[in-house]
Each structure stands twice: as structure tokens, then as C-alpha cells.
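Asks: pasting the sequence and the predicted model now:
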Amino acid sequence: MNSVKSKARLLQGNEACMYGALYAGVEFFGGYPITPSTEIAEGMARELPKRGGKFIQMEDEIGSIAAIIGASNAGCKSMTATSGPGFSLMQENIGYAYMTETPCVIVNVQRGGPSTGLPTKISQSDTMQARWGTHGDYTSITIAPSTVEGCFRETVRAFNLAERFRTPVIVLLDEVLGHMREMMVIPEEGEIEVIKRHKPDVPSEWYRHFEITPSLVSPMASFGQGYRFNVSGLTHDQDGFPTAVPKEIKDKLNKLRRKIERYADEITRIRTEKMDDAHIAVFSYGTVARTAFQAVKMARERRIKVGAIQPLTIWPFPDDQLRDMFKNVRKVIVAELNMGQLVHEIRRVAPRHTEVLPLQRYDGNVMTPMEILDKIREAVK
Amino acid sequence: MATETLNSERIHHYLRPKKAFPNVWCAGCGNGIVMGALIRAIDHLELDKNKVVVVSGIGCSSRMPVYLDFNTLHTTHGRALAFATGVKVAKPELTVIVITGDGDALAIGGNHFIHACRRNIDITTILIDNKIYGMTGGQFAPTTPGGKMATTAPYGNYEKQFDPVRLAIGSGASYVARGTVYHVHPLERMIIGGIKKKGFALIDTISNCHTYYGRFNKEGDAVAMINDMKKQAVSAKAAATMSEEKLKGRFITGVIHETDETEFCDEYQALVDRISGKEGR
């Protein structure tokens, strides 16, 4: 007990995210300063050289995402961290990472937008950008924790998913979560599983960098290893060479989608509270989930049969799990710090008997438990 | 230091003849000449193919890595140097070569270009400088001379031009040379010099786009344009004794700038050694 206590640390969400990345074995960080994410880059600049890892402050966010994709192809677990304006600048190369099936982790500590917006205020208005930000067809994995410990654990999970599925993974934090301090114990080595990249063991003449394997996820060689493959953002065949053959184009795009969709159950993570007998549900994610859980507790004290649903994986959207949860739910409150983003997904999946009630705040402040409680009371009427 | 003419078997050793060909370039394009020079330079240096990474952006010249049997990374428009920086920092033991064009390196990629020079990171950049955007059909570039015609300069270009050599020197590159696709042996030697140099190397390579630039500006076919390079090129040594008037309309070739500055990855490693030593105390 004492030893655990002595290891407890008071950490910011941004710091916990940084330590989570180190736990997951990050070897390369490329970033550019931007509020409210900068503590992640500062921590990496301090910690990575000590561990033989690589830190580089790039000239802009476009360069940052480019550098981490380059480093990942050279075999390093790679990461960048930014906020809204920087996330916008990264979009083209995030698409390049999807297309070239390059594992990497992109943390977006959200602030208010559009444009420069509210650099020091909370928002959840990049939820849809995380899914649809870059051009073209693809499927995103996006994770949104709500506690400091969650920032640590979900960053480890983001690296695991990126390496497991050869894809970029987006971690959405927000200004309040990034800067909030909570007590947490950093897990011992081995306590959380850390996935290593699946490397090829075939002779180089057999190796196909983008092979469509039965599992849909192909092993990945790195530069210098002896495989001499081609990586291109042009639509390519299984060897990585540009193609205009309709079947090869279709196969490539299908692979990008299906390698995620097939494993949606493995990727999805949902936390629920008091949903067993609930007729009303509060759906929320990120920092708002903290408020929602508190509001549900307050409502239960008033004998209202309400529960809370918090997806930790927001993309791919957990359609099946939610449909199942909504079986006995008459009303679902969708609480978000934006003008309505995931509410559209809930409307899409909600059965006919479930009424969708949006609750939105977008003035740069957190949602209070009382706001949600008032909405719950309204729903009871 | 003379490179040998390679027989086709030796050339094929460095190409991907089965998968990547035919190439996308117009007949007579200078890109192929540069690719040949690069292959002969790498052959001369006896580099292990597995330890060479060729990175490019978008444009005609940036299609080159696809044809080459190395580790190849064909990236997004303007970003080759940022991707290459990630590769080099991650694995400094790899030889990293960037193939880029004048639009790719100096317009959309200008920021990455000056910062790669400033860091003096050990990347050899071959900038194929044909003074126009070829792949998109002949728009003016940051290197298009004043008065010249392009599809987006239908009344003649009225913008000022970048000189990539002066830009690289001013930004801190430690090896800066200019070659042409006419002077192919000196070009090979410049590429060899650039790869051997520990630090950022730029080889600004004057090339021909007879399909657009030559046609729009009545400069003739590929042969005529390449012959013009012979007339316009002045060695750095000869230029030193020439008046400004005599130099008008001509350009200086050769290794124009070379210094021995500390290199980025070496500096980073020195930092790692320093702080890990401190930790041990």
C-alpha cells in the first residue's frame, strides 16, 4: 500500500499523455508549439533524449506530421501533439498516413474554433474533423479519454492500435483535461500490454509492403531493414507502385476501411453507469463525461432512472453496442461542447422509440452537472 | 574522380524495371539524365542499396524514386524535406537523398527547405530546376524568369525570382552547387560531393521542360534547350573574372559554397551523450 502511495503523482492530462506515450515505447516525437498542447512537446523534449529517443521541434505542423510519418517508416513508434489550427494543417499528411498505412499517434488537445478561436478555452468541436478531416475515403480510429489516468492509459492504447492496424490513431483531449491535475499511479512495466509492430520475416523478394493478407493487416518492414519497398500517397498496388487498374484501386480502398471495420469490437471501448434499468441515458465523451456521471449520480439520488454512456473510442462509432443499449431507453441526452457533432451519429443509430435530446454548450466553458440534471428533469416530464 | 559508364546490367541493378516502368516523363526530359547521374554517383560511392533512402514530393521530378531500387518515399507536395528529416533523425546511419523540383522545394515547400538548410541536417537534395510546373501543365514557378510565358502568366511573368543557391547559402547549407543536365559528368561529381558531405547539400540542377517552357517561350526542343545550357553556364572560377554585364543572362555552375559546420544528428547525439553522462554521475 505504502509503495503504491509513494508512486502516486499529481499530473496534468498533457503530462499523463506524454508519460503514456513513453510507457508505450515512443521513439520519435515531432511537434510545433501550440496552446493548449505544448506541455506534451515540452515533456518529450526533456524525457526522450534521456532514453535515447528522438525529439525534434519542426518548423510547422505540416512538417511535424511529415517527420513522424518519415520516422515511422524508418521503424520508430512516432507521435505528434497539437491543437485545432495545427490539426487543420496536418490533415493532408494524416491522409498520407492512412493511404500508406503508416502507424503514428496524433494528439489534438482541443480548443475553441473556428480559426484561432479560443486558445485557452475548452471545446469538443474537432470531433467530426477527427473522422472526416482529410480528403478521400478512409476510416479513422479516434480515442477520447476523460481523466488524467485515462490520458495515460488511452495513449498507450492509441499506440497499440496504431501499430496493430498500421494506421494513424487520433487522441482527442481538450484544454481542461490537458491542464487539469489529478493523482495517478504510473503503472509498472508489463502491467499494461504494449504491442510491437509486426515485422516481415519472409525473404525480401517475397515481401509486399501493402499485401492484402487474410487478416487485412500486413506486416511492415522499415527503411534500412533490407526490403527496399516503395511508399507513395498515389493509389498503389500491393507492392506500393502507382496503379490505375480499377480492381486494384477498389481493393486498396476496401482494405483501408475493412481492416478497421472488421476489428471494430476490438477497437471499441465504452464505459457505462447505471444503464441496467435506465429509461433515460446521457451520452457524452471527453471532459463532459465527468459532468454527466456526476449529474447521473445526482439524478439517481432523486430516484430518476437515468444512466450514462461514455464511448472511449469515438471512431469507429459504436453503432451496434449503442443500439443494444438503447433497447429500453426512451430518451437519450447527447451532451457536447460544440454545436452538435456526435448528436448526428446518435440520431442515425437511435431506434424509433428513443427520442434524441441535444444539450450543447459552446461558450468556452465546461458543462456543469446542474445543466445536465436540468435536462434530465426536463426529459422526465 | 571520374565515374564510369555503366553497362545496362549494372544500371538495372539500381532500377525497378519490372514494376515501375515505363516512366511518366516526356521524351527528352532532363529528369532521366539526372537519374542516370544519381545512379552513377551511388555506384561510384559503392553504397549499400539497403541503406539508401530516396525521398521526393510531388511533380515530374518527384516521380523519380519510384523507378529506383532503394528505400523510396514519394510524399506530398512540398513536404519531401520534412519527411526526409524524420527518416534521417530516426536512423542517422541511412543515406538520405531528396529529389525535388523548383515548385516543390521553393514555393509550397519553401519553409521546409530553409529550415533543413538551417539545421544543416545530412540530407543531399537534388533540386531539378526547369523553371516551370510541368506536371500540372506549365504554370509559372518561383524560378521562372521575368517576362517568360506560362499558362498562369499569359502576358509574361512579372514576379521576381528565387535563386535557390543564394537561398541555401543564406539559410545555412554546408554544400551548395549548381549543375546542368548538359554538364553531366560535373553533375555526377557534385552529387558525389553532396552525399559525402556531412551536412545539408543542395545541387541545383538546371533542366529542360521543352514540352511547356520551351514551347511557350520559343526556346526549341530538348536538344536546343540543353545546348543553350552549354552557352549560358559559366564556371564559378571564370565568373570571378567576368564583369556583371558579361554575366547577364548566364548562370554560375560548380560547387559554389562549401563549409564544415556541425551537423544536426551529430549535435543531437552529442546532447544525448552529455545528458546520459550526467545521469550516470
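Replies: Nice, thanks for sending it over.

Asks: neighbours around the residue of the stretch 151-281 of chain B found nearest chain A, how many?
Replies: As assessed by Cβ to the nearest Cβ, chain A sits closest to residue B:272 within the stretch 151-281 of chain B, at 5.0 Å. In short, each C-beta sits where N, CA and C put it, glycine included. Burial of residue B:272 is recorded as 17 neighbouring residues (other Cβ atoms under 10 Å in any protein chain shown).

Asks: that one belongs to a helix, doesn't it?
Replies: Yes: according to DSSP: H, G, I helix; E, B strand; the rest coil, residue B:272 belongs to a helix.

Asks: pLDDT at it, what is it?
Replies: With respect to pLDDT, residue B:272 scores 96.

Asks: dump the residue contacts of residue A:89.
Replies: Residues in contact with residue A:89 (Cβ atoms under 8 Å, 6 or more residues apart in numbering or on different chains) are A:60, A:61, A:62.

Asks: look at it and give its secondary structure.
Replies: helix.

Asks: low pLDDT regions in chain A?
Replies: By pLDDT under 70, the weakly predicted segments of chain A are A:1-6.

Asks: need the residues that contact the host helix or strand of residue B:246.
Replies: Take DSSP states H and E as the rule and residue B:246 turns out to sit in helix B:244-247. Helix B:244-247 is contacted from outside by B:234, B:239, using Cβ under 8 Å, 6+ apart.

Asks: for the helix or strand just after that helix, C-alpha coordinates in PDB please.
Replies: The C-terminal neighbour of helix B:244-247 among helices and strands, as given by DSSP H and E, is strand B:251-258. Extracted C-alpha coordinates of strand B:251-258, given in PDB (Å, rounded to 0.1, in the frame of the first residue of the first chain):
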ATOM      1  CA  PHE B 251      24.400  31.400 -64.600                       C
ATOM      2  CA  ILE B 252      27.300  30.200 -62.400                       C
ATOM      3  CA  THR B 253      27.900  26.400 -62.100                       C
ATOM      4  CA  GLY B 254      30.100  24.300 -60.000                       C
ATOM      5  CA  VAL B 255      30.500  23.900 -56.200                       C
ATOM      6  CA  ILE B 256      29.600  27.500 -55.200                       C
ATOM      7  CA  HIS B 257      29.800  27.100 -51.400                       C
ATOM      8  CA  GLU B 258      31.300  24.600 -49.000                       C
END
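
Asks: now strand B:251-258: buried residues?
Replies: By 16 or more other Cβ atoms under 10 Å in any protein chain shown, the buried positions in strand B:251-258 come out as B:251, B:252, B:253, B:254, B:255, B:256, B:257.

Asks: again with stretch A:162-181
Replies: Neighbour count says stretch A:162-181 has A:162-180 buried, by 16+ other Cβ under 10 Å.

Asks: same thing with stretch A:371-381?
Replies: In stretch A:371-381, counting by 16+ other Cβ under 10 Å, buried: A:372, A:373, A:375, A:376, A:379.

Asks: count the neighbours of residue A:190 for me.
Replies: Neighbours of residue A:190 under the rule other Cβ under 10 Å: 7.

Asks: how about residue A:204?
Replies: Neighbours around residue A:204, by other Cβ under 10 Å: 13.

Asks: surely it and residue A:229 touch.
Replies: No: look at residue A:204 against residue A:229 with Cβ atoms under 8 Å: they stay out of range, at 9.0 Å.

Asks: tell me which element the residue of chain A found nearest chain B falls in.
Replies: Using Cβ to the nearest Cβ, the closest approach of chain A to chain B is made by residue A:70 at 2.8 Å. Element membership for residue A:70, per DSSP H and E: helix A:61-73.

Asks: heading C-terminal from that helix, find the next helix or strand.
Replies: Helix A:61-73 is succeeded, C-terminally, by strand A:78-82 (DSSP H and E).
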